[in-house]
Structure formats: structure tokens, C-alpha cells
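Asker: using only what follows, build the 3D model:
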Amino acid sequence: MTATPLDLRGTPCPLNLIRTRLALEKLTAGSTLVVQLDGGEPDQLVGQSLRTSSDVGALERAQQPDGSVTFSITRA
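Answerer: This is a model prediction of the structure:
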């Protein structure tokens, strides 16, 4: 199954969190969403929300060389 990309770099908080949650809700169980975010507050806000969400089956975080962050999220 292919991953759904979502580039939210440059998107302010809390809009990046809202857009991530809406995109995740559209996925079927087992599907993957790959979200790119700015480092700092967006990384912390979205990451914390995803770690406590019952919609998330698996979550991986990768720091990018440009300072951004990529989350790979599998829907539960």
C-alpha cells in the first residue's frame, strides 16, 4: 500500500495539527500518512497529539537535514 504524503512545512500551529488529524481521519485502517513539519513547536505539538491518539497504530519520527521532521503514521 502506498503512503499518503502531506507537506505542512511553513504551516502555523495549530493549523498543522488540524490538517494532520483531518488527513488521518480520511485513511482506512492500516494506511500510512507521511507528514513533513517544521522542527520546534510544530514537531512537539503534532508529535504529542499523535502519541496519545487512539487512531495511530504505529508512529515513526525522522529528523531531516534541513531541520524539518517527518512523521510516518499508520492508522489503527
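
Asker: ok, the spatially most central residue of the chain - contacts?
Answerer: Taking C-alpha atoms, centre = their mean, the centroid of the chain lies closest to residue 35, which sits 4.1 Å from it. Contacts for residue 35 (C-beta atoms under 8 Å, 6 or more residues apart in numbering) come out as 6, 7, 8, 20, 23, 46, 70, 71, 73. Just so you know, the C-beta spots here come from the backbone N, C-alpha and C atoms, and that holds for glycine as well.

Asker: tell me the one among those residues nearest to residue 14.
Answerer: Nearest to residue 14 among those: residue 46, at 9.1 Å, using C-beta to C-beta.

Asker: coming back round to it: show me what the residue nearest to the centre of the chain is bridged to.
Answerer: residue 6, residue 71 (DSSP bridges).

Asker: of the contacts of residue 35 - the most surrounded one?
Answerer: Per-residue neighbour counts (other C-beta atoms under 10 Å) across the contacts of residue 35 peak at residue 73, which has 27 neighbours.

Asker: how far off centre is the helix or strand where that residue lies?
Answerer: Per DSSP states H and E, residue 73 falls inside strand 69-75. Distance of strand 69-75 from the chain centroid (C-alpha atoms, centre = their mean, to the nearest Å) equals 5 Å.
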